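> Just the structure for this:
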Amino acid sequence: MVQQQAHWFDSAGLGVFLHWDAASQAGWEISWPMVGGVFSLPNGQQVGAEEYHALSRTFSPERWDARAVARLLVEWGAGYAVLTAKHHNGFALFDTRLSDHSIMQAPYGRDIVREFVEALRAEGLRVGLYFSLSDWHHPDYPAWRDDMRPYVLGESPPRPDPEAWRRYRTFMHGQVRELLSNYGQIDLLWFDGQWERTPEEWDVDGLNAIIRQLQPNILVNDRLPLHGDYATPEQFVPSVPLDGRWETCMTMNESWGYNPTDTDYKSVAEILRTLVETRSRGGNLLLNLSPTGDGSLPSEQVERMTAVAEWMSSNGESVRDVRPGLQPWQFYGPSTQSGSKTYAFLVMHPVDKVTVRGVRTSKVSSVTELASGRELAWGVRLPILEQRVPDPVGELVITVPKDVLNPYVTVVVIEGDQACSPRDPRDEKRILSTDHGTSADAGSGV
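Sure thing, here's the model as predicted:
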């Protein structure tokens, strides 16, 4: 396990997932249509396995421009990106010597993974690759057939004989070696498909040894059983902070791959609120993009990310290189902290005044709206007994004019070293239990 110390992942905030495949030509969800769909993808299709695999023979995404995509990622405020080097269907977007089911045998004939990796590095972004342990195309897995339906998530598909499984495992480990040997530094390896076999069948210990030997500084997600460096909750934000590193992966609509029939897109406000909720609990948001069959990005996704970029350009410091902020009892909303700054996110309208509790009021030096830098009027409320101590703890009451409100998420910055770090909770209880007076305004700046 990578030790929990200062790391690029902790400060990244926003990452971008790219789910892409030959089936994007048809506007099909990635992999799942060939097994008859899955309950968690309500807009998925059902197609035959051979019909699905046949699209690899016509895949030529001539509008794919890795450098242009990487520049967009920087503009959008992302710190890293993860590309599906190989999904469950077994089609590799990289140059593999171990299979002819790859982009090199498709009409495109160029190594998409190499283009992606080099483009991200040129823009100073961290590089992540997705790799499915399962492979529904490989004959020794065995390959999926239509007569195996229905696919039941959580149940293992048919197992091959021991010799076939040894061949498959050697093949799978070999492809991981290729990805970690042929493309320079890889910062993150995102496994999936682990539920179909046991850790012993995957030989996770042996695979982990290969990974750490080839890329000692890499992060591996928790879908390599027993060896993950960080957790990957999918399609939801945990209600409380998780232990250790984590990242929520989430789609913009209800599909991972390009699916033009799925128009149920999240709004810009919902995306940004998800981002700040995730950061307030110490995680990253890995937001999905789904390139089309020709390699271009769907206009609905670009439009949303353009709005996200505008917000990030003036508010990005509140979600990058930050730690979780206030306790839930202190503020009705998400928050983060960095140095002497506390960032309080106003995610609901209307807003008139905002109260932050448990504040060392004498340590507050300023309150501003982040995007404009405009100073906001503020005052404090203190219990009677607190007014007689040198380091009083009370409530900070902030006035928020309507003309500073952002249509998506407004960020209020409270400046002051240790200002929003409450004393020992036992002290708070003692003060409250002995205070029989009324609150009194003792503010500065109103």
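
> quick one: contacts of the strand or helix carrying Asp10?
Following DSSP states H and E, one finds Asp10 within helix 8-12. Residues outside helix 8-12 that contact it (CB atoms under 8 Å, 6 or more residues apart in numbering): 78-80, 126, 187-188, 219, 230, 245, 247, 284, 320-322. All C-beta atoms are positioned from the backbone trio N, CA, C, and that covers glycine.

> at 10 Å what do you get?
2, 4, 15, 77-80, 125-126, 128, 187-188, 217, 219, 229-230, 245-247, 279, 282-286, 319-323, 338 (CB atoms under 10 Å, 6 or more residues apart in numbering).

> Filter these down to the buried ones and hand me the ChimeraX line.
Provided next is the ChimeraX selection string for whichever of the contacts of helix 8-12 are buried by 16 or more other CB atoms under 10 Å:
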select :2,15,77,78,79,80,125,126,128,187,188,219,229,230,245,246,247,279,282,283,284,285,286,319,320,321,322,338
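
> What is the neighbour count of the closest residue to Ala307 other than its chain neighbours?
Of all residues not flanking Ala307 in the chain, Val268 sits nearest, at 4.3 Å (CB to CB, 6 or more residues apart in numbering). By the criterion of other CB atoms under 10 Å, Val268 has 19 neighbours.

> ok, now Leu55?
Leu55 has 20 nearby residues by other CB under 10 Å.

> Surely it and Gly293 touch.
Yes. At 8.5 Å, Leu55 counts as touching Gly293 under the criterion of CB atoms under 10 Å.

> who touches both of the two?
Contacts common to Leu55 and Gly293, judged by CB under 10 Å, 6+ apart, are 21-26, 28.

> Ramachandran coordinates for the residue nearest to Ala307?
For Val268, the backbone dihedrals are phi -60, psi -40 (criterion: degrees, to the nearest 10).

> what sits against it?
Neighbours of Val268 in contact, by CB under 10 Å, 6+ apart: 303-308, 310-311, 407-409.

> Out of the residues you listed, which end up buried?
So, by 16+ other CB under 10 Å, the buried ones in the contacts of Val268 are 304-305, 307-308, 310-311, 408-409.

> Restricted to helices, list those residues.
Those of those mapping onto helices are 304-305, 307-308, 310-311, per DSSP state H.

> Format the residues you listed as JSON lines; extra columns: distance to Thr251 and pLDDT.
Listed next are those as JSON lines, based on distance: CB to CB, whole Å; pLDDT from 0 to 100:
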{"residue": "Arg304", "distance to Thr251": "12", "pLDDT": "98"}
{"residue": "Met305", "distance to Thr251": "13", "pLDDT": "97"}
{"residue": "Ala307", "distance to Thr251": "17", "pLDDT": "98"}
{"residue": "Val308", "distance to Thr251": "15", "pLDDT": "98"}
{"residue": "Glu310", "distance to Thr251": "22", "pLDDT": "98"}
{"residue": "Trp311", "distance to Thr251": "20", "pLDDT": "98"}
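
> Looking at those residues, which one is closest to Tyr141?
Of all those, Tyr141 sits closest to Met305, with 35.8 Å by CB to CB.

> and the chain, what are its domains?
Domain ranges of the chain: 8-318, 325-441, per automatic domain parsing.

> Quickly compare the ones you listed and say which is most buried.
domain 8-318 (a mean of 19; mean count of other CB atoms under 10 Å).

> Quick one: end-to-end distance for that one.
16 Å (CA to CA, to the nearest Å).

> starting at the chain centroid, how far to it?
12 Å (CA atoms, centre = their mean, to the nearest Å).

> that older thread, just the contacts of helix 8-12: which are in helices?
Short answer: these in helices (DSSP H) are Arg279.

> Could you tell me which of the contacts of helix 8-12 are located in strands?
15, 80, 126, 128, 188, 219, 230, 245-247, 284-286, 323, 338 (DSSP state E).

> from these, which is closest to Pro260?
Leu286 (22.8 Å).

> in the sheet, who's paired with the closest one?
Beta-bridge partners recorded for Leu286 (DSSP bridges): Gly15, Cys249.

> Relative to Leu55, how far out is it?
Per CB to CB, to the nearest Å, Leu286 is found 26 Å from Leu55.

> With secondary structure added, can I get the shared contacts of Leu55 and Gly293 in a markdown table?
Shown next, in a markdown table, are the shared contacts of Leu55 and Gly293 (DSSP: H, G, I helix; E, B strand; the rest coil):
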| residue | secondary structure |
| --- | --- |
| Asp21 | coil |
| Ala22 | helix |
| Ala23 | helix |
| Ser24 | helix |
| Gln25 | helix |
| Ala26 | helix |
| Trp28 | coil |
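
> Show the contacting residues for Pro390.
Pro390 touches Ser362, counting by CB under 10 Å, 6+ apart.

> With adjacent residues omitted, what lies nearest to Ala269?
Nearest one to Ala269, counting by CB to CB, 6+ apart, is Tyr408 at 4.5 Å.

> mind listing what the one you found touches?
Counting by CB under 10 Å, 6+ apart, Tyr408 makes contact with 267-273, 276, 307-308, 310-311, 315, 347.

> let's see 6 Å
By CB atoms under 6 Å, 6 or more residues apart in numbering, the residues touching Tyr408 are 268-269, 272, 311.

> biggest separation within those, which pair?
Every pair of the contacts of Tyr408 checked by CB to CB; the farthest is Ala269 and Trp311, at 9.8 Å.

> avg pLDDT for whatever helix or strand Thr84 lives in?
Assessed by DSSP H and E, Thr84 sits inside strand 80-86. Average pLDDT, strand 80-86: 98.

> quick check: angle from that strand to strand 245-250?
If you take axes from the mean of the first three to the mean of the last three CA atoms, to 10 degrees, strand 80-86 sits at 70 degrees to strand 245-250.

> Contacts for strand 80-86, please.
Against strand 80-86 from outside (CB under 6 Å, 6+ apart): 12, 15-20, 73, 92-94, 113, 116, 125-126, 128-132, 179, 190.

> Okay then, goodbye and thanks.
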